[in-house]
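Colleague: the following comprises the amino acid sequence and a computationally predicted model.
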There are 2 protein chains.
Amino acid sequence: MEEKTIEREVIYEGKVFNVEKHVVSLPNGNTSVRELVYHNGAVAIIAFDEKGDLIVVEQYRKAFEQLSIEIPAGKLEAGEDPIDCAGRELKEETGYAAEELKHVFDFYGAPGFCSERVHIYEAVGLTAGERQLDADEFLENQTLSLDRALELIANGTIVDAKTIMAIQHWHIRTLK
Amino acid sequence: MEEKTIEREVIYEGKVFNVEKHVVSLPNGNTSVRELVYHNGAVAIIAFDEKGDLIVVEQYRKAFEQLSIEIPAGKLEAGEDPIDCAGRELKEETGYAAEELKHVFDFYGAPGFCSERVHIYEAVGLTAGERQLDADEFLENQTLSLDRALELIANGTIVDAKTIMAIQHWHIRTLK
């Protein structure tokens, strides 16, 4: 089923992603074109405050021109270990330091055209501190009870894949 | 928190997505650059066979050069109603026709840079038939029990966001 690249055109080399167009050979011997977005990958962190509520951040998402409530997350630097990135992003966006980060699972959010792999960790043993946002990052910190989180999925307020997955993961644990 | 576009550059106009670069004004008065992928959106379908197993398709994903097990899905045509697209894609990829498609939730898989909104439906009242694949689509049909699906997430075989969400949604229902 493999699609081998016959021709490769680099369309764009950006800061967050590159775009390429590949002519590929198909299993039936025909060729087709694949438009591809190459991204370094990212991490996301499931973390709970002392009350057991989920730690989230609200931020403006230019791609769909809306505020979005999401679990803390960030892009991997080239060659960076995802677990180091997870600790750094949690600290930067929420101020919390974690004693341990447990790998939950990885996912691709747009597998049809995008190489971005997101590594999800659960943070354990939190210590509160000062957050350290990047210069062009504007985030509002919040926490959500499970009932509130489920309500925000049901009413279409939470629309971020990693955050829906994190809330479902949490919900499953409470039901078991 | 809104980021208003001050300057907009179209980088690429493709078949699956367009790429733009925007200079935006930030809440503190500074400006920043946002690299954006614009996509028409997609649908995905949660459907079960007569044994109660999840209907999935396995296909090659060029973006990460691997086979990927995913629930049936497809891109929206411009202006197409997502529910019509869901019925069409289910039929094309699996042969099943659905009596009813119930909206589950929508998500963005890469909210940091991509406008692709995925609409998830659950198909009810299935009738088996012939699948009708596109000329450059190569899919293998499979079904998964819940235990097998959870195992394939845990061992890193299933890495597709919509499929993880669908399996967790299913898991929650069985635990309630």
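Modeller: Thanks, I have the structure now.
Colleague: what's the local residue count around A:Gly79?
Modeller: The number of residues packed near A:Gly79 is 6, by other CB atoms under 10 Å in any protein chain shown. No exception for glycine: its C-beta is placed from N, CA and C like everyone else's.
Colleague: give me the mean pLDDT for stretch A:154-164.
Modeller: Confidence for stretch A:154-164, expressed as mean pLDDT, is 98.
Colleague: pull out the buried positions in it.
Modeller: Across stretch A:154-164, burial judged by 16 or more other CB atoms under 10 Å in any protein chain shown covers A:Ile158, A:Val159, A:Asp160, A:Ala161, A:Lys162, A:Thr163, A:Ile164.
Colleague: who touches it?
Modeller: A:44, A:56, A:68-71, A:73, A:107, A:109, A:118, A:120, A:149, A:152-153, A:167, B:105-111, B:117, B:161-162, B:165 (CB atoms under 8 Å, 6 or more residues apart in numbering or on different chains).
Colleague: and the residue of chain A closest to chain B?
Modeller: Here the residue of chain A nearest chain B is A:Gly109; by CB to the nearest CB that distance is 2.8 Å.
Colleague: let me know the pLDDT of that residue.
Modeller: 98.
Colleague: number of nearby residues for it?
Modeller: Neighbour tally, A:Gly109, other CB under 10 Å: 26.
Colleague: about what we covered before: just the buried residues of stretch A:154-164 now: which is nearest B:Gln132?
Modeller: Using CB to CB, A:Ala161 comes nearest to B:Gln132 of the buried residues of stretch A:154-164, at 28.6 Å.
Colleague: buried ones in the lengthiest helix in chain A, by neighbour count?
Modeller: Taking DSSP state H as the criterion, chain A has its longest helix at helix A:161-175. Residues of helix A:161-175 classed as buried by neighbour count (16+ other CB under 10 Å): A:Ala161, A:Lys162, A:Thr163, A:Ile164, A:Met165, A:Ala166, A:Ile167, A:Gln168, A:His169, A:Trp170, A:His171.
Colleague: endpoints of stretch A:52-67, how far apart?
Modeller: 24 Å (CA to CA, to the nearest Å).
Colleague: help me confirm that A:Val56 is found in a helix?
Modeller: No: A:Val56: not assigned to a helix; according to DSSP: H, G, I helix; E, B strand; the rest coil it is strand.
Colleague: show me the strands in chain A, by range?
Modeller: A:4-13, A:17-25, A:31-39, A:42-46, A:54-61, A:66-70, A:73-75, A:97-108, A:117-127, A:140-144 (DSSP state E).
Colleague: how about the ones you listed in CSV, adding mean neighbour count?
Modeller: Below are those laid out as CSV (neighbours: other CB atoms under 10 Å in any protein chain shown):
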stretch, mean neighbour count
strand A:4-13, 12
strand A:17-25, 18
strand A:31-39, 20
strand A:42-46, 26
strand A:54-61, 20
strand A:66-70, 18
strand A:73-75, 20
strand A:97-108, 17
strand A:117-127, 19
strand A:140-144, 16
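Colleague: residue at max distance from the center of chain A?
Modeller: Centroid-distance maximum for chain A: A:Gly29 at 36.3 Å, with CA atoms, centre = their mean.
Colleague: contacting residues around the closest residue to A:Thr127 other than its chain neighbours?
Modeller: Leaving aside its sequence neighbours, A:Thr127 sits nearest to A:Ala97 (CB to CB, 6 or more residues apart in numbering or on different chains; 4.8 Å). Neighbour list for A:Ala97: A:Gly87, A:Leu90, A:Lys91, A:Leu126, A:Thr127, A:Gly129 [criterion: CB under 8 Å, 6+ apart].
Colleague: could you redo the last one with a cut-off of 7 Å?
Modeller: By CB atoms under 7 Å, 6 or more residues apart in numbering or on different chains, the contact set of A:Ala97 is A:Lys91, A:Thr127, A:Gly129.
Colleague: same deal with A:Gly109?
Modeller: Contact analysis of A:Gly109 by CB under 7 Å, 6+ apart lists A:Glu116, A:Val118, A:Ala161, B:Gly109, B:Ala110, B:Ala161.
Colleague: 6 Å instead?
Modeller: By CB atoms under 6 Å, 6 or more residues apart in numbering or on different chains, the contact list for A:Gly109 reads A:Ala161, B:Gly109, B:Ala110, B:Ala161.
Colleague: try A:His103
Modeller: For A:His103, the contacting residues are A:Tyr121, by CB under 6 Å, 6+ apart.
Colleague: how close does it get to B:Leu90?
Modeller: Look at A:His103 and B:Leu90: by CB to CB, to the nearest Å, they are 33 Å apart.
Colleague: and for the residue of chain A closest to chain B, nearest residue in space, chain neighbours not counted?
Modeller: Excluding its sequence neighbours, the residue lying closest to A:Gly109 (CB to CB, 6+ apart) is B:Gly109, at 2.8 Å.
Colleague: distance of that neighbour relative to B:Arg131?
Modeller: Taking CB to CB as the measure, B:Gly109 falls 25 Å from B:Arg131.
Colleague: for A:Lys4, same thing?
Modeller: A:Lys4 sits 25 Å away from B:Arg131, taking CB to CB as the criterion.
Colleague: next: A:Ala154.
Modeller: When A:Ala154 is compared with B:Arg131 (using CB to CB), they lie 33 Å apart.
Colleague: brilliant, that's me finished.
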